[in-house]
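Q: Need coordinates for the following:
(one chain, ligands or ions: 2)
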Amino acid sequence: MTSFYPLSVSKVQNLSPAAVAISFEIPDHLAANFAFEAGQYITLKHTIHGKEVRRAYSISSAPAASGPQKEFTVGIKEVKDGAFSSYANRYIQVGDTLEVMPPQGRFVYKTQDSPTHLLGVAAGSGITPILSIAETVLRNGPQHRFTLIYGNKTPEDSMFSEEIAALQEKYPSQFKLQWVFSQTTESHAIFGRIDTAAIGYVLKNVDTDPFDGVYLCGPEPMIHAAKETLLAQNISEENIHFELFTAAASAEGQENNEATATGQTKEGQISVQVTVDGETSQLEMDTKTILLDALIKADIDAPYSCQGGVCSSCICKVTEGSASMLKNQILTDSEIEEGLVLSCQAMVTSSSIAVDFDDV
Ligand SMILES: Cc1cc2nc3c(=O)[nH]c(=O)nc-3n(C[C@H](O)[C@H](O)[C@H](O)COP(=O)(O)OP(=O)(O)OC[C@H]3O[C@@H](n4cnc5c(N)ncnc54)[C@H](O)[C@@H]3O)c2cc1C
Ligand code: FES
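A: Ligands and ions are numbered 1, 2, ... in the order given. Next up is the predicted model:
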């Protein structure tokens with residue numbers, strides 16, 4: 001579950017001045033490990049300046065329609081002073097080998113036989129999982145439709161614009177597209193950001209049929225605005241799915257951090273029993289340390305990627321004792337009741353705890 005596998009880079013393509021698409025070849029013996037659902041991400045591991053970094057990247061290509069998965073592609077946008085995204089954009093070449101953790105994630109579209117009408121809303125690099133979902137929906141047959149709202153600063157900044165044009169050409173009656181640009185005025189686009197007004201415009205003028213589901217990926221303010229607008233349009237919350245790429249400090253997180261900092265958790269040592277990949281280990285940690293940090297320090301091979309509470313790869317189940325999360329935008333109330341926690345956000349609140357990464 002937590003293993004990384006060496007995969008060879010089969011293609012590198014510039015998507016914009018600051019974004020690159022990287023494709024990986026999947027050898028036959030790893031096809032089952034790297035089978036994925038549209039919307040999922042992989043984690044890349046690399047050592048940069050002597051420090052191991054792990055970063056999550058959503059798969060932009062669609063899952064194999066039939067037969068084993070032979071390849072997949074990710075799109076990486078360079079962020080200012082970003083350790084891995086800068087490395088990827090400047091140095092990764094065809095033939096390089098990278099350590100890759102198999103696909104994970106709950107932001108998924110499962111192929112349906114019944115007619116599907118979905119809305120995707122993406123800003124910037126948030127297009128990656130949405131593109132995979134769009135292609136998966138559209139190729140499934142003429143009864144399946146997809147409308148995309150895609151926001152960027154300028155057309156030149158927009159990742160995967162050629163692939164999107166190809167979808168428009170291939171599926172003219174199934175695929176609708178609304179561009180949004182915040183820094184240039186274009187005749188075919190809304191000027192500004194993806195906000196209530198932009199989404200309202202699309203629902204009124206571009207695609208007026210009710211949607212069965214919505215997939216949102218972009219910065220947190222966009223996701224909040226989109227969610228509020230769509231809820232007001234009577235799209236139920238369970239049909240609105242979202243993926244965040246970066247963690248924003250939430251008010252809840254700050255409160256919990258303060259609770260921890262002001263000593264509301266117990267002082268002293270905690271004994272931890274942890275099960276990962278069928279192996280159970282014991283360790284001691286102090287009350288002020290985040291559970292995942294203690295596991296990494298003890299060389300326990302627990303799965304993790306973002307360490308910011310947004311990717312879900314570090315979920316484990318508390319089977320004895322208790323823990324509270326600094327921040328949670330992923331687990332539902334019923335999952336928390338079942339004992340699930342994001343270990344990268346978990347502060348242990350009992351004197352001993354047992355957690356299981358396999359039973360999730
Ligand atoms: C589930 C998931 C899927 C993701 N999919 C993609 C994807 O498909 N394509 C993609 O390009 N990225 C994606 N990301 C983001 C990616 O994992 C990295 O966070 C991003 O590439 C920055 O890493 P870095 O090492 O370059 O920057 P870091 O060295 O980690 O950060 C450098 C600075 O940039 C800021 N920063 C970090 N990430 C971002 C960001 N996304 N936008 C703006 N500022 C940021 C940090 O706060 C910090 O100040 C995804 C993240 C998650 C959790
Ligand atoms: S490591 Fe990403 S949510 Fe915990």
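
Q: Near ligand 1, which residues of the stretch 101-250 of the chain? Just list them.
A: 105, 125, 128, 243, 245-246 (CB under 6 Å from any ligand atom). Yep, even glycine has a C-beta here, placed from its N, CA and C like the rest.

Q: so, if you compare those, which one comes nearest to residue 95?
A: residue 128 (23.1 Å; CB to CB).

Q: Tell me which residues touch residue 283, please.
A: Contacts for residue 283 (CB atoms under 8 Å, 6 or more residues apart in numbering) come out as 271-272, 274, 294-295, 298, 300.

Q: Reformat these as TSV; add pLDDT, distance to residue 223 and neighbour count.
A: Listed next are these as TSV, based on pLDDT from 0 to 100; distance: CB to CB, whole Å; neighbours: other CB atoms under 10 Å:
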residue	pLDDT	distance to residue 223	neighbour count
271	97	39	15
272	97	34	21
274	98	32	22
294	97	31	21
295	97	30	26
298	96	35	15
300	96	33	18
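
Q: TSV please, covering those and showing distance to ligand 1.
A: Below are the contacts of residue 283 laid out as TSV (distance: CB to the nearest ligand atom, whole Å):
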residue	distance to ligand 1
271	31
272	25
274	23
294	22
295	19
298	24
300	21
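
Q: contact partners of the helix or strand where residue 137 lies?
A: If you go by DSSP states H and E, residue 137 is part of helix 127-138. For helix 127-138, the surrounding residues in contact (CB under 8 Å, 6+ apart) are 38-41, 57-63, 74-75, 107, 109, 111, 116, 118, 120-122, 144-146, 148, 150, 158-160, 163-164, 167, 170-171, 174-175, 215, 217, 243.

Q: quick one on the thing from earlier: could you tell me which of the contacts of residue 283 belong to strands?
A: 271-272, 274 (DSSP state E).

Q: Quick check, residue 31 in contact with residue 71.
A: No: under the criterion of CB atoms under 8 Å, residue 31 makes no contact with residue 71, lying 10.4 Å away.

Q: Report the mean per-residue pLDDT for the host helix or strand of residue 166.
A: Per DSSP H and E: residue 166 is located in helix 161-170. When pLDDT is averaged over helix 161-170, the result is 98.

Q: Could you figure out how far it is turned away from helix 127-138?
A: 20 degrees (axes from the mean of the first three to the mean of the last three CA atoms, to 10 degrees).

Q: And the strands in the stretch 201-350 of the chain?
A: 213-217, 240-243, 269-276, 279-286, 315-320, 323-325, 340-342, 346-348 (DSSP state E, counting those that start in this stretch).

Q: I'd like these written out as a markdown table, with distance to ligand 2 added.
A: Below are the strands of the stretch 201-350 of the chain laid out as a markdown table (distance: least, CB to the nearest ligand atom, whole Å):
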| stretch | distance to ligand 2 |
| --- | --- |
| strand 213-217 | 15 |
| strand 240-243 | 12 |
| strand 269-276 | 14 |
| strand 279-286 | 17 |
| strand 315-320 | 8 |
| strand 323-325 | 10 |
| strand 340-342 | 5 |
| strand 346-348 | 9 |
